[in-house]
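[1] Build me a model from this:
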Amino acid sequence: MNLKNTILISLKWIFICVLTGIFSGSASAFFLVSLEWVTQFREHNNWIIWLLPIGGLYIGWLYHQYGATVVKGNNLLLEEYENPKNTIPFKMAPMVFLTTLITHLFGGSAGREGTAVQMGGAIADQFSRLSSRAKSRDKLDNSDRKTLIILGISAGFASVFGTPLAGALFALEVLYFSKISIKSIVLSFLAAYVAYFTVAFWQVSHTHYHIPVVPEMTLQVIPWIIVASIAFGLAAMLFSRTTHFWGRLFAKTIDFPPLRPFVGGLVLVIAIYLTGTTKYIGLGVPSIVDSFSNPNQSHDFLLKILFTGFTLGAGFKGGEVTPLFFIGATLGSALSLIIPLPIALLAGMGFVAVFSGATHTPIACTVMGMELFGWQSGIFIGIACLIAYFASGSIGIYHSQIVKGAKYRLYQRFKRKDLEDF
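    The predicted structure follows:
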């Protein structure tokens with residue numbers, strides 16, 4: 001390949017990255033503003049929660065009629081990355097945007113990263129459709145399509161959370177880091193930063209968290225970090241298994257897909273009424289912020305696991321990550337009553353460690369923790385993410401994700417030992 005072709009190809013990919021970042025960042029900015037509006041409307045009009053079953057029925061009907069090719073959501077991105085076949089339909093973006101807003105408007109417990117990632121992935125992969133009309137030398141092959149999916153995921157994640165470094169690393173790590181090319185790594189960071197600055201351009205802000213006190217790392221502190229980190233890993237395992245359990249149960253017991261979120265909505269409305277609080281629905285950001293300064297009750301994280309797992313398992317749309325933040329932060333906050341570490345530090349450790357265990361992404365989560373809470377807490381966050389990663393089991397929130405490396409070998413060894421003992 002001569003120098004001229006190298007320059008042209010580089011410029012082409014830079015152009016794709018910039019456009020992916022701008023379009024994905026703009027979509028995320030609009031989504032964040034819309035999400036804030038529907039959340040505020042619900043908080044000031046709690047009667048609308050009684051319409052959750054109707055909202056669920058509409059979501060189920062919409063995907064049943066028009067979204068069969070995109071209903072897998074994030075798992076579709078993972079599957080297309082592993083085995084590229086068909087361009088991800090652009091309709092994934094508006095459908096997940098609309099249905100996530102419906103979920104939050106009527107009181108479902110879900111996140112937002114799934115929406116941003118799916119919008120980013122659908123937007124980025126349209127470049128493969130456009131390239132099909134180009135000259136043969138300019139067409140994108142399967143390897144290039146994998147890069148596009150990485151760009152979409154990194155742009156969506158970085159823009160929705162305001163963490164460009166973590167967004168780029170998350171896209172690489174969740175797709176099995178050792179199979180990623182150098183080209184993909186560089187472009188992933190470029191797309192993430194363009195998307196991040198695009199959201200800033202639209203003057204859409206992100207939630208800020210603060211860890212005011214970070215103690216010295218001593219031999220007396222390490223055992224407490226290990227205990228807390230194992231608890232975070234077990235919480236991640238419980239969340240993943242709970243979500244998959246409800247999904248299988250609804251699919252097994254209700255044949256007609258649109259009825260699944262309708263029935264789920266009915267159960268959720270009753271549960272919200274019986275608990276007498278809206279603390280465990282929606283994103284739960286106020287509770288996350290509060291957990292950094294006030295100890296939570298020990299059951300808060302368990303109820304969030306139950307509400308979110310049931311919501312997503314029933315077929316409502318959204319993401320899992322912000323609920324994982326809620327679960328980890330409130331668990332860490334509750335542990336501060338028995339573990340002699342600052343409450344904000346424990347909440348911050350749990351915030352990212354539970355996420356690390358549920359998505360098998362300890363590197364991205366460590367970097368995310370440092371981006372959100374400051375580099376001073378990095379060693380505590382890094383240890384928590386790594387231990388939670390190993391303690392969370394081999395099943396994460398994305399059933400299509402391929403898990404390899406030391407964790408995969410560890411749990412395969414356990415499985416073989418169990419079979420030998422049996």
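[2] so how far is stretch 311-322 from its chain's centroid?
    Centre-to-centre, stretch 311-322 and its host chain are 10 Å apart (C-alpha atoms, centre = their mean, to the nearest Å).
[3] next one: stretch 372-382
    With C-alpha atoms, centre = their mean as the basis, stretch 372-382 stands 20 Å off its chain's centre.
[4] in it, what's buried?
    L372, F373, G374, S377, F380, I381, G382 (16 or more other C-beta atoms under 10 Å). Where C-beta positions appear, they are placed from N, C-alpha and C, glycine not excepted.
[5] For the third one, which non-adjacent residue is spatially closest?
    Read that as G374. When the adjacent residues along the chain are set aside, G374 lies closest to I211, with 6.3 Å between them (C-beta to C-beta, 6 or more residues apart in numbering).
[6] and what of the first one?
    The spatially closest residue to L372, leaving aside those adjacent along the chain, is Y209, at 5.5 Å (C-beta to C-beta, 6+ apart).
[7] Could you look up the SS state of that neighbour?
    Look at Y209: counting by DSSP: H, G, I helix; E, B strand; the rest coil, its state is coil.
[8] so how far is F256 from the residue nearest the centre of the chain?
    Nearest to the mean C-alpha position of the chain, by C-alpha atoms, centre = their mean, lies V321 at 3.7 Å. Between V321 and F256 the distance is 30 Å, computed by C-beta to C-beta, to the nearest Å.
[9] Walk me through the domains of this protein.
    By the assignment in automatic domain parsing, the chain contains the domains 3-201, 222-410.
[10] Just the mean pLDDT for the longest one, thanks.
    To tie it back to what came earlier, the one meant is domain 3-201. Averaging pLDDT along domain 3-201 gives 93.
[11] Could you do the last one as well?
    This predicted structure assigns domain 222-410 an average pLDDT of 95.
[12] how far out from the middle of the chain is that domain?
    Centroid separation between domain 222-410 and its chain, computed with C-alpha atoms, centre = their mean, is 10 Å.
[13] ditto for the longest one
    Computed by C-alpha atoms, centre = their mean, the chain-centroid distance of domain 3-201 equals 11 Å.
[14] ok, how many other residues are close to I185?
    I185 is flanked by 17 other residues according to other C-beta atoms under 10 Å.
[15] Show me what the helix or strand encompassing it is packed against.
    Secondary structure from DSSP states H and E places I185 in helix 182-201. If contacts are counted by 3 or more C-beta pairs under 8 Å, 6 or more residues apart in numbering; DSSP states H and E, helix 182-201 sits against helix 3-44, helix 142-161, helix 164-174.
[16] how about the residue nearest to L372, what does it touch?
    Y209 makes contact with I288, V289, F292, G348, F351, L372, F373, according to C-beta atoms under 8 Å, 6 or more residues apart in numbering.
[17] and which of those is nearest to I14?
    If you rank the contacts of Y209 by distance to I14 using C-beta to C-beta, L372 comes first, at 28.4 Å.
[18] ranking the helices and strands packed on helix 182-201 by burial, who's on top?
    Compared across the helices and strands packed on helix 182-201, helix 142-161 shows the largest average neighbour count, a mean of 28 (mean count of other C-beta atoms under 10 Å).
[19] same for that one, what does it pack against?
    Counting contacts by 3+ C-beta pairs under 8 Å, 6+ apart, helix 142-161 packs against helix 3-44, helix 74-82, helix 113-131, helix 164-174, helix 182-201.
[20] Out of those helices, which is closest to M95?
    Ranking the helices and strands packed on helix 142-161 by proximity to M95 (C-beta to C-beta) places helix 113-131 first, at 8.7 Å.
[21] Could you pull out the buried residues of that closest one?
    Buried positions in helix 113-131, judged by neighbour count with 16+ other C-beta under 10 Å: 113-128, 131.
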